[in-house]
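Colleague: Please work out how this folds:
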Amino acid sequence: MIAPFLIIYVVVFAYPVYKMFALSFTDAPLIGEGKWVGLANYAKLMTQKLFFTSVWNTGYFVVLTVIPNTLIGLGLALMVVRLKGWLQSLVLVFFFLPYILPVSVVTQIWKWVLDQQFGIGQNLIERFAGHHVSVFHDPTWAMPMVALVTVWWTNGFNLLLFIAGLRNIPQDYYEAAALDGATRLQAFRRITWPLIWPVTGLVLTLQLILQLKIFDQIYLLTQGGPFNSTYVLLQLVYREGFGLNHGGLASAIAVVLFAIIVVVSVLQYQLLRVRGAR
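Modeller: Numbers count the residues shown, from 1 in each chain. Alright, predicted model coming up:
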C-alpha cells in the first residue's frame, strides 16, 4: 500500500538530494560526472566574497518578510473575521487574488506601480525621499521593495490560515469573557492569542522556509543588483550552475542553503513549541 509513495519519494526527493550532496564533493559540470575534490568546493566558498554577501542578503530578506508577513496576516484576519456573509467572502477574494497570480505578472504589476517616471507609488516615495527614486536600481531601496512585493503577493495564504484558526475558537469563550467585563484587548491576550498560537507557529515556519528560498522576485526585479545588494543564495546557485557550468560548486552552495533551512527551521520550531507550552 505504501509502495507507490515510497517509489515517488525516492525518485523525486531522496535521489536528487543524494545526488546534490554527492556532486558537491566533485568538480562536475552541470551535466555529467566530475572528479572527486573532497571539500575543495566548500573551501572555495569560504574565500568567495559574493557567497557571504548572498548569505547576508538572504538573511536580510528573511527579516524584512517573515515576521511582518505573519503579523499583517494576523491583523487582517482579525478584521476580516468580524465581517459576515457575502461581504467577508468578497474581501477574502480580494486579499487572496494576488496569491494565485504568477510571479511574472506580480513583478510586472509592481514595476509599473513603482516606475520612476509614471508609477503611482512614486507619489508616496516622494514624501519620504523628497524626489522620485528608481527603487529597483537603488541599493538602499531595492531589497525593501522586493520584500514589499513578496508580502503583498503571499499574504493572502497567511490570511486564510489565520481565518481558519480563528473560526476554530469557540465563541462561548468570548461570550463568557464579555460577561466578566473583559475588553477586546484582554480577550485577545487571554483567549485569541494563546489559541491562535499553533497557527502562528505554522505560518512563521512556512514563511521562513519559503523566504530562505527566494529567487523568482529577485531575478525578475533586480537580477541581484544594484551592486549585488539583492544577490541571494539561490541566485548564486543559478549563476554557478547554469551560467558558469560549475555543477559541483553550485551543489555545494545548495547544500549550504539546505543546511541553513534545516537548522533554522528546527530551531524556530523548538522555540515556538516552548513558547506555546507556556
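Colleague: quick one: contacts for residue 203?
Modeller: 70, 73, 158, 161-162 (CB atoms under 8 Å, 6 or more residues apart in numbering). Where you see a C-beta, it was placed from the backbone N, CA and C, and this is true even at glycine.
Colleague: List phi and psi for residue 26.
Modeller: phi -130, psi 170 (degrees, to the nearest 10).
Colleague: coming back round to it: now for the contacts of residue 203: which two are most distant?
Modeller: 70 and 161 (9.8 Å; CB to CB).
Colleague: Make sure residue 118 is indeed in a strand.
Modeller: No: going by DSSP: H, G, I helix; E, B strand; the rest coil, the assignment for residue 118 is coil, not a strand.
Colleague: burial measure for it, as a count.
Modeller: For residue 118, the neighbour count with other CB atoms under 10 Å is 9.
Colleague: Need the pLDDT of it.
Modeller: The score at residue 118 is 88. That number is its pLDDT.
Colleague: what's the distance between it and residue 132?
Modeller: 10 Å (CB to CB, to the nearest Å).
Colleague: Mind checking what helix or strand follows the helix or strand harbouring residue 154 in sequence?
Modeller: Using DSSP states H and E, residue 154 falls within helix 142-167. Using DSSP H and E, the helix or strand that follows helix 142-167 towards the C-terminus is helix 171-179.
Colleague: Residue 54 is in contact with residue 236, isn't it?
Modeller: Yes: between residue 54 and residue 236 a contact is recorded at 4.7 Å, counting by CB atoms under 8 Å.
Colleague: Outside of stretch 189-200 itself, list whatever touches it.
Modeller: Stretch 189-200 has contacts (CB under 8 Å, 6+ apart) with 70, 74, 78, 161-162, 164-166, 168-169, 173-174, 177, 182, 272, 275-276.
Colleague: for the record, mean pLDDT for stretch 59-67?
Modeller: Confidence over stretch 59-67, taken as the mean pLDDT, stands at 95.
Colleague: how far does that stretch sit from the chain's center?
Modeller: Put simply, stretch 59-67 sits 8 Å off its chain's centre (CA atoms, centre = their mean, to the nearest Å).
Colleague: Output it as CSV, nothing but the C-alphas.
Modeller: Output of stretch 59-67 as CSV, limited to C-alpha atoms (Å, rounded to 0.1, in the frame of the first residue of the first chain):
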residue,chain,number,x,y,z
GLY,A,59,19.1,36.8,6.0
TYR,A,60,18.2,40.5,5.4
PHE,A,61,15.3,39.5,3.2
VAL,A,62,14.0,37.0,5.8
VAL,A,63,14.0,39.7,8.4
LEU,A,64,12.1,42.0,6.2
THR,A,65,9.4,39.5,5.3
VAL,A,66,8.8,36.6,7.7
ILE,A,67,7.6,38.4,10.9
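Colleague: and that stretch, which residues are buried?
Modeller: Of the residues in stretch 59-67, 59-62, 64-66 count as buried by neighbour count, 16 or more other CB atoms under 10 Å.
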